[in-house]
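Q: kindly return the folded structure for what I paste below:
(one chain, ligands or ions: 1)
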Amino acid sequence: MAVTADLDVAIVGAGISGLALAHRLRAAGRSVHVFESTAHVGGRMRTVRREGYVIDTGAEMVGTHGYPATWRLAGELGLSQADAPLFGAPLAMWREGLPHPGVGDLNGLVKGAGMTPGGRAGLLKMMAGAGLRKRSYDVERPDRTPLGTTTIREFARRYHPDVHDYLLQPLVGGFFGWDTERAAAGPLVSHLLAVGATRSFRSWRHGMDTLARLLASRVDVSTGVTVHEVVAGEHDATLVVDGAPLSAKTVVLAVPAPVAAELHAGVPDFVRAVEFRPMVKVICLLDRPIEPPDRGSAWGIAVPAVENPAFAGVLFDDRKPGRAPAGRGLLTLFAGPAVAGELVDAPNEEVADLLMGHAARYLPDLASACRVSVVVRYRHGLPMPTAPALAEFREFTRRPLSTVEYAGDWCMLRPSSEAAIRSAEVAAERLLVGADTELAVFGG
Ligand SMILES: Cc1cc2nc3c(=O)[nH]c(=O)nc-3n(C[C@H](O)[C@H](O)[C@H](O)COP(=O)(O)OP(=O)(O)OC[C@H]3O[C@@H](n4cnc5c(N)ncnc54)[C@H](O)[C@@H]3O)c2cc1C
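A: Next up, the predicted model:
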């Protein structure tokens, strides 16, 4: 490996946060090396290409809205929203044997999107309340929303039961793996207000790893190299890389918070307080596209835990451009948050059989169309904002600059790649300007 023991900045992790940070620091004239334990870049935004299928194993979408750091980075790499076509279709909610389209968009408010009239009235009331205080819901200040540490379950009790059962729970359970009994509502409301309608979601034309691949071609990355330990010194830090110590002026841990806490004994309290939720998916390579039971155009169907606690929904990946070869189909099945923890360690066949068995209820043609199933599991899927993490958040953003720094979605307590990219901007600002600047404490 062509790396000397005298590094300027060593970044652990070639996910989107580590790569974006490497790019920023390199552009500012710093010398940077990224260490990645797997054979691939992209982390939780990795795309696998197989037999003409383009398989997004982690992140599925980027927002037209609420993703400013992503679009800034894309612009620097010569990309724009034209390179990430709109889904332009609704998300549906399963209820009483059918998908109901329009979740998270205005159409749904009129047509219901699986909610009863009482539920719709509750949703309107919730939206009006959040909308009136929109300025207090800042994704960069998850600890200072009007909802404090109120959980999603507690928040939803203010409204009709449908607001929890047929909207908030399926959204956060399916897409983030969150448990509404413990996840804080404030950061969720901030995120939903920022990203807006589900119809406005986009996907990178050539796979969700588009930015990661471009970044990796511009920075120094060693793949297949595991960092086992990081020790902070006063003037530099030591990394143990595949058994050998290396020194660097700064080491940035761009890995999920629980991994950072395993690697470095001296992490701030916030890092230990951040909880990650597992995510398990089965991706089905189909010999033909299959349709939802209503023959509608939805890009996905969310399944509420009250309908099925083990199965959280399905995404029709083949409705994104270029994902399946002509005449073929591609879709993703999501485990429910109640079973994802067990499935993370289960054999592949068991996971595939379980999720495909559940999916047959919603997609009767699945078994006959599925040629190959790919099991994807993330022990550390997505960060969940809880009261203990919110309590430590501000202290973390105000910590003095150290020889060991951090990047990743969890630094913003937000379950999205936008947070990972924004955390890279913040980490770069800290390293280039110092921790005492206004920018280093998230603009305030
Ligand atoms: C199933 C799923 C669906 C998602 N859907 C969306 C979505 O639709 N839209 C969206 O915006 N976001 C989504 N996300 C979130 C998004 O994928 C993440 O926020 C983002 O990719 C996190 O990037 P990161 O760089 O912080 O971490 P990671 O991507 O986890 O990168 C960390 C890297 O560090 C490496 N590593 C770990 N330990 C070591 C070690 N000891 N030594 C060296 N390397 C190490 C890992 O292999 C990994 O490559 C989803 C996430 C999941 C899991």
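Q: for T210, which non-adjacent residue is spatially closest?
A: In this structure, T210 finds its nearest non-sequential neighbour in W204, 3.9 Å apart by CB to CB, 6 or more residues apart in numbering. The way it works is simple: take the backbone N, C-alpha and C, and place the C-beta from them, glycine included.
Q: same question for S423.
A: Per CB to CB, 6+ apart, closest to S423 is C411, 4.0 Å.
Q: show me the contacts for the one you found.
A: When contacts are counted by CB atoms under 8 Å, 6 or more residues apart in numbering, C411 touches F396, A419, S423, V426, A427.
Q: returning to what we had before: these two touch, right, the residue nearest to T210 and L211?
A: Yes: contact criterion CB atoms under 8 Å: W204 and L211 qualify, at 7.4 Å.
Q: surely L123 meets L168?
A: No: look at L123 against L168 with CB under 8 Å: they stay out of range, at 9.7 Å.
Q: give me the more crowded residue out of the two.
A: L168 (26 against 22; other CB atoms under 10 Å).
Q: so the more buried one, which of the three states?
A: helix (DSSP: H, G, I helix; E, B strand; the rest coil).
Q: contact partners for it?
A: Here L168 is in contact with I152, F155, A156, T180, L188 (CB under 8 Å, 6+ apart).
Q: now secondary structure and neighbour count too, for those, in CSV please.
A: Below are the contacts of L168 laid out as CSV (DSSP: H, G, I helix; E, B strand; the rest coil; neighbours: other CB atoms under 10 Å):
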residue, secondary structure, neighbour count
I152, helix, 28
F155, helix, 23
A156, helix, 22
T180, coil, 22
L188, helix, 27
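Q: which one of those is nearest the ligand?
A: Nearest to the ligand, judged by CB to the nearest ligand atom, of the contacts of L168 is L188 at 14.2 Å.
Q: so that closest one makes contact with V172?
A: Yes: contact criterion CB under 8 Å: L188 and V172 qualify, at 6.3 Å.
Q: common neighbours of those two, please.
A: With CB under 8 Å, 6+ apart, L188 and V172 have common neighbours I152.
Q: and T332, what are its bridge partners?
A: Legend: beta-bridge partners of T332 under DSSP bridges are I283, L315.
Q: please look at it and A59 and confirm they touch.
A: No: counting by CB under 8 Å, T332 does not reach A59; the two are 11.6 Å apart.
Q: tell me which element S373 is part of?
A: strand 370-384 (DSSP states H and E).
Q: then L21?
A: helix 16-27.
Q: so the helix or strand containing K249, near the ligand or not?
A: In this assignment (DSSP H and E), K249 forms part of strand 244-253. No: with CB under 6 Å from any ligand atom as the criterion, the ligand is not reached by strand 244-253; the gap is at least 8.7 Å.
Q: same thing with stretch 298-307?
A: No: residues of stretch 298-307 are not located near the ligand by CB under 6 Å from any ligand atom, the shortest gap being 10.4 Å.
Q: low-confidence ranges, the protein, go.
A: 1-6, 435-444 (pLDDT under 70).
Q: report the residue ranges of every domain in it.
A: Following automatic domain parsing, one gets these domains for the chain: 6-50+209-268+399-441, 91-202+276-383.
Q: take these and write them to TSV, including distance to D83.
A: Converted to TSV, those look like this (distance: least, CB to CB, whole Å):
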stretch	distance to D83
domain 6-50+209-268+399-441	7
domain 91-202+276-383	9
